[in-house]
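[1] Have a look; sequence and predicted model below, questions after that.
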Amino acid sequence: MRALLRTSVMPGSVDVAFTREPRHEVGSGLAGAVDRTLLYRDGSRLDGVGRLSVLDLWRGGLPQRVGYFGDLRVRSQARRPARILRDGYRILCEAAEELGVAGCFTSIATDNDRARRVLERGRRIGLPEYLPIADLVTLVVPVRRPRAPFGDPAPKAHATESELTSFLDGVARGHDLALVWNTDRWRALGRHGLSPTDFHVVREEGRVVAAAGLWDQRPFKQTVIHGYHGALRWSRPLVNPLAALGWAPPLPPPGAVLSQGYLVGAVTHARHWPGLLRALKAGAARRRLDWMVLSRDARDPELATLRKLTRAREYHTRLYEVRWGELPNWTGERGERFLRPEAALL
């Protein structure tokens, strides 16, 4: 499985592979998900993989069991790829029905034209119906390393688990596909390296108004650089000397693992982002992270604020509702709610 994911490269201005290295099994059940993993073999050869992860997420103002289809890969030299897709989706959708989901979704990179063309028209060959529900913008935020040696850590505003649960869940319930926060969620996250003590908070009049933590998933989930195209290819030799002076993160060489942490959290108002981002960047620099990653619905007003504050590189994906057989279907009526899936769980 790991080998197939390593060789499945996603094209773009930066060619990357989203891998499950160095230990695939360590990353199972993220945030308390119930996982079902499919292996499709042709004799002894692994020709395809897929994963269904079921989590309690907010949808329409209610907590619901929602399935996410991820790690969907077919070996490029596989025979009968249409049959692999058809059989694989049937098995995963049957698993979703057995687990009692209220709906399923997935994501595809916007510039992955081949995958989108096949799956958006997949009903003709017996695949599920893919209905676009939102465009997602993932910001890869550079972390500037200080030139001077690290001094004593700056004071960090903490919050109790119950304070964080109340705040994060209060914000999440106003968005679709956002995590439901509770004690079980914290316990599950703790098993994979994220705890309340990792969170920076902003308070007003003693009340938490912003909170976020950085989740380094490299022990089980890595983004590997395969190559650069266009402006990035010729500018890399110019950017990296600046990185040595602490002015910008380096652009890693092909084969390198991206040194990044996923930002998990929320704010009550856009004005809280500047202070929270300063604290997060300082914490990321201390942990030797070069990038912070977070996602927002392309229609979300917060995105404009984050773009101005971060000058981030952007990775665009499209979210789809996946409809199949007896699986419940969503109406697509979201009112004023934007989608807020966690980039760390996609």
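    Done, it's in.
[2] What sits closest to residue 95 if chain neighbours are left out?
    Of all residues not flanking residue 95 in the chain, residue 36 sits nearest, at 4.3 Å (C-beta to C-beta, 6 or more residues apart in numbering). For the C-beta atoms, the positions are set from N, CA and C on the backbone; glycine is no exception.
[3] The strand or helix carrying the one you found: what's the following helix or strand?
    Secondary structure from DSSP states H and E places residue 36 in strand 34-42. The first helix or strand that comes after strand 34-42 along the chain, using DSSP H and E, is strand 45-59.
[4] what lines up beside that following strand in the sheet?
    Applying DSSP bridges, strand 45-59 is found paired with strand 34-42 (antiparallel), strand 62-74 (antiparallel), strand 178-179 (antiparallel).
[5] Can you list the buried residues in it?
    Within strand 45-59, the residues that count as buried by 16 or more other C-beta atoms under 10 Å are 46-59.
[6] just how off-centre is that strand within its chain?
    13 Å (C-alpha atoms, centre = their mean, to the nearest Å).
[7] before we move on, what about stretch 31-43?
    Distance, centroid of stretch 31-43 to centroid of chain: 18 Å (C-alpha atoms, centre = their mean).
[8] Restrict it to CA atoms and write it as CSV.
    Taking Å, rounded to 0.1, in the frame of the first residue of the first chain, the C-alpha atoms of stretch 31-43 are listed here in CSV:
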residue,chain,number,x,y,z
ALA,A,31,-9.5,11.8,15.2
GLY,A,32,-11.5,8.7,16.1
ALA,A,33,-12.6,7.7,12.6
VAL,A,34,-13.9,4.3,11.8
ASP,A,35,-11.8,3.2,8.8
ARG,A,36,-12.4,0.6,6.2
THR,A,37,-9.5,0.0,3.8
LEU,A,38,-9.8,-1.8,0.4
LEU,A,39,-7.0,-3.6,-1.3
TYR,A,40,-7.6,-4.6,-4.9
ARG,A,41,-5.3,-7.4,-6.2
ASP,A,42,-4.6,-9.0,-9.6
GLY,A,43,-3.1,-12.2,-8.4
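[9] Give me the pLDDT value at residue 73.
    Note on residue 73: pLDDT of 92.
[10] For it, list each beta-bridge partner.
    Legend: beta-bridge partners of residue 73 under DSSP bridges are residue 49.
[11] Quick check: mean pLDDT of the longest helix seen in the chain?
    Secondary structure of the chain read by DSSP state H shows that its longest helix is helix 81-98. The pLDDT scores in helix 81-98 average 93.
[12] Contacts for that helix next, please.
    36, 38, 40, 47-48, 50, 52, 54, 67, 69, 72, 74, 78, 104, 118, 122, 125-128, 322, 324-327 (C-beta atoms under 8 Å, 6 or more residues apart in numbering).
[13] Next: stretch 188-197.
    Stretch 188-197 is contacted from outside by 26-27, 29-32, 158-161, 164, 186, 213, 215-217, 219-220, 264, using C-beta under 8 Å, 6+ apart.
[14] what does stretch 42-52 give?
    Under C-beta under 8 Å, 6+ apart, the answer for stretch 42-52 is 1, 3-5, 35-41, 67-75, 78-79, 84-85, 88-89, 92, 95-96, 99, 104.
[15] Quick one: the helices in this structure, in order.
    Remark: helices assigned in the chain by DSSP H are 2-6, 81-98, 113-120, 161-172, 183-190, 231-244, 273-286, 302-310.
[16] JSON lines for those, including distance to residue 253 and mean neighbour count?
    Output for these, formatted as JSON lines (distance: least, C-beta to C-beta, whole Å; neighbours: other C-beta atoms under 10 Å):
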{"stretch": "helix 2-6", "distance to residue 253": "16", "mean neighbour count": "15"}
{"stretch": "helix 81-98", "distance to residue 253": "32", "mean neighbour count": "18"}
{"stretch": "helix 113-120", "distance to residue 253": "27", "mean neighbour count": "14"}
{"stretch": "helix 161-172", "distance to residue 253": "37", "mean neighbour count": "18"}
{"stretch": "helix 183-190", "distance to residue 253": "32", "mean neighbour count": "15"}
{"stretch": "helix 231-244", "distance to residue 253": "9", "mean neighbour count": "12"}
{"stretch": "helix 273-286", "distance to residue 253": "21", "mean neighbour count": "19"}
{"stretch": "helix 302-310", "distance to residue 253": "24", "mean neighbour count": "16"}
